[in-house]
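Trainee: sequence below, structure please.
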Amino acid sequence: MPTEGGGSGFVTIIMLVAMLAIFYFMLIRPENKRKKEAQAMRDSLAVGDVITTIGGIVGTICAVKENTIVIETGADRVRIEFTKWAVSSKGAQATESAN
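Mentor: Residues are numbered from 1 along each chain as shown. Below you'll find the predicted structure:
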């Protein structure tokens, strides 16, 4: 006589595989896509681009090296060297409005 619930192990495995697939498509894949886009943006940095660092410093690139960039900030022409991974975005980010 077959026992009842013999297929419950199969259903559990199917549910586990479905949850892993959902986890992959909802979390891992979009994160990898964002990382690739950020790396492509950092690889395409050129002299004259306005950038914002992860620390919020805005400046214009005046030199690009293999792993670093040199930016000029403000009218006083201060030059600062950053690693490329510290670049958050191209262009000056909009400031938050005070409420």
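Trainee: partner strands of the lowest-mean-pLDDT helix or strand in the chain, parallel or antiparallel?
Mentor: Lowest on mean pLDDT, DSSP states H and E among the helices and strands of the chain sits strand 87-90, with a mean of 90. Taking DSSP bridges as the criterion, strand 87-90 sits next to strand 50-53 (antiparallel) in its sheet.
Trainee: would you tell me what the next helix or strand after the partner strand is?
Mentor: Note on strand 50-53: by DSSP states H and E, the next helix or strand toward the C-terminus is strand 58-64.
Trainee: return the distance of that following strand from the chain's centre.
Mentor: Offset of strand 58-64 from its chain centre (CA atoms, centre = their mean, to the nearest Å): 20 Å.
Trainee: and it, what does it pack onto?
Mentor: Packing contacts for strand 58-64, counted by 3 or more CB pairs under 8 Å, 6 or more residues apart in numbering; DSSP states H and E, involve strand 50-53, strand 68-73. No exception for glycine: its C-beta is placed from N, CA and C like everyone else's.
Trainee: may I see the buried residues of the first one?
Mentor: Residues of strand 50-53 classed as buried by neighbour count (16 or more other CB atoms under 10 Å): 51-53.
Trainee: sorry, back to before: with just CA atoms, put the least confident helix or strand of the chain into PDB.
Mentor: Written as PDB, here are the backbone C-alpha positions of strand 87-90 (Å, rounded to 0.1, in the frame of the first residue of the first chain):
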ATOM      1  CA  VAL A  87      33.000  58.000  -8.100                       C
ATOM      2  CA  SER A  88      29.300  57.800  -7.500                       C
ATOM      3  CA  SER A  89      28.000  59.300 -10.700                       C
ATOM      4  CA  LYS A  90      28.700  61.600 -13.700                       C
END
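Trainee: wait, Asn67 sits on Thr83?
Mentor: Yes. Between Asn67 and Thr83 there is a contact at 6.0 Å, judged by CB atoms under 8 Å.
Trainee: quick one: which of those two has more around it?
Mentor: Thr83 (12 against 7; other CB atoms under 10 Å).
Trainee: which residues touch the closest residue to the more buried one other than its chain neighbours?
Mentor: Leaving aside its chain neighbours, Thr83 sits nearest to Thr68 (5.4 Å; criterion: CB to CB, 6 or more residues apart in numbering). With contact set as CB atoms under 8 Å, 6 or more residues apart in numbering, Thr68 has these partners: 81-84.
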